[in-house]
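Student: Can you look at this prediction? I've put the sequence above it.
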Amino acid sequence: MDWGMKNRLSKIIRPKDGRTVMLAVDHGYFMGPTTGLENIEKTVKPLLRYADTLMLTRGALRNYITPDTNIPIVLRVSGGTSILNKDHLLHEGTVVDIDDAIRLNVSGVAFSILVGQSFERDTLLGMTEYINKCERYGIPVLAVTAVGRGLGKDAKYLSLASRMAAELGAHIVKTYYCDNFEHVVDTCPVPIVIAGGKKQPEQDALQMAYDALQAGASGVDMGRNIFQSTDPVGMMRAVNAVVHKKYDPKEAYDLFKEHESKK
Ligand code: R5P
């Protein structure tokens, strides 16, 4: 691995503890003005001090984040379908050229794959072609494994999708937490981060983050469970404490409640 690739990876995953808190606010690329992200600048600004990386789209970066903002960017470079397209949801292709990703000075890019769908080949080749370009310039690729209809989010499916992503060249894999998550982590040779998924009670989201880390995950790439919380800053701080400060779920929830009560 060359110096540039290692340098960028070190901006995504902290070398000190091998962990990361990624804040995901890329939802608009297929969900439009998602609750909590109506104005991304307003939402994100107070959260950044507890995030290692910000994951978002090209349009969000240009329009909501000022260029002097000191946060490593993971840019979503796949897209092409909306939440209204039930048959082809996440049947994605490349939506940002590598040249523009470089121009935006990103630390990494994210590409979604859909293993097990009739169009899996399109998304896998799309990601692989992008990885080939990124290898030329030393840019890490985070593979986002999404769940195909009827495939479930179990360890069998998620380990298959995660391992495939790594074997195809992804440098980091983002997947969902599930029972027996150790199996997903143990059979994937690159760092794994978990998505938060739909909003759940803060206590449950913190427990999930903790369990994922205990199973060997390198961190979280969390969105709705942070920016749709009753106290996004408190939740971001609590998630950071679980990931980087070894807080257990109770300690982290207490931290959240303490912050929330002062709001
Ligand atoms: C989905 O493909 C997007 O990349 C989201 O950023 C991702 O699912 C993480 O957000 P959340 O924690 O809200 O699921």
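Tutor: Perfect, I can see it now. As the structure is a computational prediction, the values presented were derived from the model and not from experiment.
Student: what about the most centrally placed residue in the chain, helix or strand, and which?
Tutor: Nearest to the mean C-alpha position of the chain, by C-alpha atoms, centre = their mean, lies Asp221 at 3.4 Å. In this assignment (DSSP states H and E), Asp221 forms part of strand 219-222.
Student: which stretches of the chain form helices?
Tutor: 3-12, 28-31, 40-44, 58-64, 98-103, 120-137, 155-167, 181-186, 202-214, 224-227, 232-244, 249-261 (DSSP state H).
Student: Give the buried residues for stretch 229-239.
Tutor: When burial is assessed from 16 or more other C-beta atoms under 10 Å, stretch 229-239 yields the following buried residues: Ser229, Asp231, Pro232, Val233, Gly234, Met235, Met236, Arg237, Ala238, Val239. (C-beta placed from N, C-alpha, C; glycine too.)
Student: Could I get the average pLDDT for it?
Tutor: For stretch 229-239, mean pLDDT rounds to 98.
Student: And for Glu211, nearest residue in space, chain neighbours not counted?
Tutor: Careful, residue 211 is Asp and not Glu. Tyr177 (6.6 Å; C-beta to C-beta, 6 or more residues apart in numbering).
Student: Pull the contacting residues for whatever residue of the stretch 51-200 of the chain ends up closest to the ligand.
Tutor: Relative to the ligand, the nearest point of the stretch 51-200 of the chain is Gly196 (2.9 Å; C-beta to the nearest ligand atom). Counting by C-beta atoms under 8 Å, 6 or more residues apart in numbering, Gly196 touches Ala24, Ala205, Met208, Val220, Asp221, Met222, Gly223, Arg224, Asn225, Ile226.
Student: What mean pLDDT does stretch 133-153 get?
Tutor: 87.
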